[in-house]
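Participant: Any chance you can model this:
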Amino acid sequence: MNRRAWISGIALLALALLVIVPKVANDGAHPGREERVRSLAPEQELKLKRKVLQRDLELTDALCRASCLADAVRAVESAGMDGGAIGETAAPPDRERRLEVLQQLRKRNPRMQYLRWGDAELGRMPEGTEAKLEPLLKEAERRAAGGSRYTSDHVRAKDHHYFAIGVPSGVEHEPLIGVVQESVMREVEVEQKKNLRIVPYPSDARYRLEAVDSDTLRRRDVDHPEDNEGTSHYLVNEVVVKFRQEPGEADLAQIRRDIGYDSVRKMGYTHVFSSSKMTAKEMMEYFRNRWDPVYVEPHYVYLTNEFLNFGGMAGNLRAAGDHDMRHRWRAKADDGAENVHVPNDLLYSEYQWNLPVIETLEGWNISRGDESVIVAVLDTGIDLNHPDLRGKLAEGRNIVDESAAPDDDVGHGTHVAGIIAATVDNMEGVAGLSWYNRVMPVKVLDSTGAGSTYSVAQGIIWATDQGARVINMSLGNYVDAEFLHDAIRYAYDRDVVLIAATGNDNTEQPGYPAAYPEVFAVAATDWNNEKSVFSNYGDYVDVAAPGESIASTYYQQQYAALSGTSMASPHVAALAAMIRSVNPDLTNEEVMEIMRQTATDLGEPGKDKYYGYGLIDVKRALESAASYEQSILMWPKRLAKRLESRQ
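Facilitator: Down below sits the predicted model:
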């Protein structure tokens, strides 16, 4: 063992012994519940997911209503009217000004199909929907004329969901009314069936479902959606090869003659070969027998680790038994006993249970982040025009299509980004964990929510080279791909903190990249601090974080509440970035150890396979990071740096 490794080992051992020990607080945790969740039969789990599907849509509907109504109120206020009283003395705006206000409102919210304010009218109701929508619009007009802000029940017409809104304008009998098309309802319904594994996913003809054994590529046909658990996907006619020596032009020409490859892509010593003449299994046999590579493996596909529970909280909170729970976390959210700052963001108080439960507001008294510490989000891209992410995005890259911007065409990446960095205190939408840390959009997943090993590996390396200090990966597969592991090691060796979601199949089978030793693995909990029914588990889990019904930004300038370990992971990524903001000198291992040792223990005492070291605690982690430089733990680190500089 060299001196550097020996000294680093001393530092980590000291950190484990001296950093504040994990806080034990089993409130809400019920030993044995995790075992019951784990043993759910496939049909039981599928039935639960179908119920979640319906509740999902309910909360998406609620978020859409809240944001649309707020947009309409702001529109009225922009015209100099207060929108809440009748018969004000202020001179009402003329028709031209009203029409201008409606145009600005529709530009901000294109989902508003039809708007009317007195004699000013914009847009029209979609053809064939009038019979269903006219009664909703009349009721909205009646309610708003009486001084109430109003949204109607939604109706389905022409394969879309619609609802009506009404806002008092301050002018008697002339409220602002409109019809909103909830396009997001159908979008999330389709995506949710895939991500909940209610249907086998992905079904794209480019991919083949297969068992985890990457040596035999044993075929496994999926008849039941729950059989997706523990399976992996790979590109049918591609393989990844790492040669012992770089192949020359003559070698590549020989390979082309032998397998007739259509294309080859290179990353370091690793090559990705694509052939229309040979299958992946045939090419693997060829390279093993002919070239003796370091490794040859299928070109695996990684999927979003999203459960898409848009209504889990809203549906459950309607039950009388959950009223006290909701009261508890809302009271905590507004508690000023510790002089905390309560965000004024529109959806915070009603929907963001996740921030108070991990002591985020208390943590803001220590640090609110630093824009120089960037979190790369390897995902489906990010909505580059979302108003709640304005000024919070670093320059990114689209790995899937290098000619395009890293814009989101699914919604998943935008949701992840908002959890980390949605603007706080702008009276808009939601609040992110960090006030100042920026996110770097790296699009490695395509419009189906899937991406190849090559794109994920390339995204990791690119983000590392561009200065990302933290990388979030809310994606996964069930195979230990050497190609991806090489990229993980590249980032880890350059002091990047790598965070990944464990997966949503309620299985102990390790999911990758979360299960790599260089990666910090995150499981999901609900608002009772219990294991989420879908969350994967195992000895590789480091910590848990909120992962059910998380309200955040969504693509096309919308908001949604999603569930999944995909949502838990960015909570931890944001915390890692804030820790590095407090103390930039901390190594990636020290950042990870601080998060482990300051977590609130859940489940069985000590580290366990369901929660790892427990639920993250923002306040305790930032306190530990802030005081770390004054402790003796810095001595070995500084000594190691001095010795390294002399070598």
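Participant: Where does pLDDT dip in this structure?
Facilitator: Applying pLDDT under 70 to the chain picks out residues 1-40, 42, 45-56, 81-90, 185, 188-231, 306-338, 629-647.
Participant: Gly459 touches Ile399, doesn't it?
Facilitator: Yes: using C-beta atoms under 8 Å, Gly459 is in contact with Ile399, at 5.0 Å. Any C-beta I mention is one placed from the backbone N, CA and C, and that applies to glycine too.
Participant: Between these two, tell me which one has more neighbours.
Facilitator: The residue with more neighbours, out of Gly459 and Ile399, is Gly459; 29 against 25, by other C-beta atoms under 10 Å.
Participant: Nearest residue to that one in space, ignoring adjacent ones along the chain?
Facilitator: Closest residue in space to Gly459, ignoring its immediate chain neighbours: Val444 at 4.0 Å, by C-beta to C-beta, 6 or more residues apart in numbering.
Participant: give me every residue that touches the residue nearest in space to the middle of the chain.
Facilitator: Closest residue to the average C-alpha location of the chain: Val416 at 2.7 Å, with C-alpha atoms, centre = their mean. Val416 makes contact with 377, 379, 472, 474, 552, 566-567, 569-570, according to C-beta atoms under 8 Å, 6 or more residues apart in numbering.
Participant: same deal with Val294?
Facilitator: Contacts for Val294 (C-beta under 8 Å, 6+ apart) come out as 242-244, 269, 482.
Participant: which of these are buried?
Facilitator: The neighbour count (16 or more other C-beta atoms under 10 Å) marks 242-243, 482 as buried among these.
Participant: Could you tell me which of these belong to helices?
Facilitator: Using DSSP state H, the subset of the buried ones among the contacts of Val294 located in helices is Glu482.
Participant: For the buried ones among the contacts of Val294, give me a markdown table that also has distance to Glu127.
Facilitator: Formatted as a markdown table, the buried ones among the contacts of Val294 follow (distance: C-beta to C-beta, whole Å):
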| residue | distance to Glu127 |
| --- | --- |
| Lys242 | 58 |
| Phe243 | 61 |
| Glu482 | 56 |
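Participant: Out of the contacts of Val294, the closest to Ala140 would be?
Facilitator: Within these, the smallest distance to Ala140 is 59.2 Å, found for Glu482 (C-beta to C-beta).
Participant: just to revisit the earlier point, would TSV of the contacts of Val416 with distance to Asp526 and secondary structure be doable?
Facilitator: What follows is the contacts of Val416, written out as TSV (distance: C-beta to C-beta, whole Å; DSSP: H, G, I helix; E, B strand; the rest coil):
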residue	distance to Asp526	secondary structure
Val377	24	strand
Asp379	23	strand
Asn472	21	strand
Ser474	18	coil
Ser552	16	strand
Ser566	15	helix
Met567	11	helix
Ser569	16	helix
Pro570	17	helix
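Participant: Drop anything exposed from those residues.
Facilitator: Neighbour-count burial (16+ other C-beta under 10 Å) applied to the contacts of Val416 gives 377, 379, 472, 474, 552, 566-567, 569-570.
Participant: Can you give me the distance of the residue lying closest to Gly449 once chain neighbours are set aside to Gly459?
Facilitator: Among residues not flanking Gly449 along the chain, Thr304 sits closest, at 4.5 Å (C-beta to C-beta, 6+ apart). Counting by C-beta to C-beta, to the nearest Å, the separation of Thr304 from Gly459 is 14 Å.
Participant: Tell me how far Pro343 lies from Leu433.
Facilitator: Remark: distance between Pro343 and Leu433 (C-beta to C-beta) = 11 Å.
Participant: Mind checking which of the two has more residues around it?
Facilitator: Ranked by neighbour count (other C-beta under 10 Å), Pro343 and Leu433 place Leu433 first, with 28 against 24.
Participant: right, and the secondary structure at that one would be what?
Facilitator: When classified by DSSP: H, G, I helix; E, B strand; the rest coil, Leu433 comes out as coil.
Participant: How is the chain partitioned into domains?
Facilitator: Domain ranges of the chain: 3-30+306-330+359-646, 45-187, 192-304, per automatic domain parsing.
Participant: Could you provide these in TSV, with additional columns for distance to Glu350?
Facilitator: Below are these laid out as TSV (distance: least, C-beta to C-beta, whole Å):
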stretch	distance to Glu350
domain 3-30+306-330+359-646	8
domain 45-187	7
domain 192-304	22
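Participant: most packed of those?
Facilitator: domain 3-30+306-330+359-646 (a mean of 22; mean count of other C-beta atoms under 10 Å).
Participant: one step back: what residues are shared contacts of Gly459 and Ile399?
Facilitator: Counting by C-beta under 8 Å, 6+ apart, the shared contacts of Gly459 and Ile399 are 442-444.
Participant: Name the nearest of the residues you listed relative to Asn237.
Facilitator: Val444 (20.6 Å).
Participant: ok, the closest one touching Ala376?
Facilitator: No: counting by C-beta under 8 Å, Val444 does not reach Ala376; the two are 10.1 Å apart.
Participant: Mutual contacts of those two, please.
Facilitator: Shared contacts of Val444 and Ala376, counting by C-beta under 8 Å, 6+ apart, come down to Gly459.
Participant: send the alpha carbons of the helix or strand Tyr286 falls within over as CSV?
Facilitator: Assigning secondary structure by DSSP states H and E places Tyr286 in helix 280-291. Output of helix 280-291 as CSV, limited to C-alpha atoms (Å, rounded to 0.1, in the frame of the first residue of the first chain):
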residue,chain,number,x,y,z
ALA,A,280,-24.9,-9.3,-30.3
LYS,A,281,-24.3,-12.9,-29.1
GLU,A,282,-22.5,-13.8,-32.4
MET,A,283,-20.3,-10.8,-32.2
MET,A,284,-19.4,-11.5,-28.6
GLU,A,285,-18.3,-15.0,-29.5
TYR,A,286,-16.3,-13.6,-32.4
PHE,A,287,-14.4,-11.1,-30.4
ARG,A,288,-13.6,-13.5,-27.5
ASN,A,289,-12.3,-16.2,-29.9
ARG,A,290,-10.4,-13.9,-32.3
TRP,A,291,-9.2,-10.9,-30.3
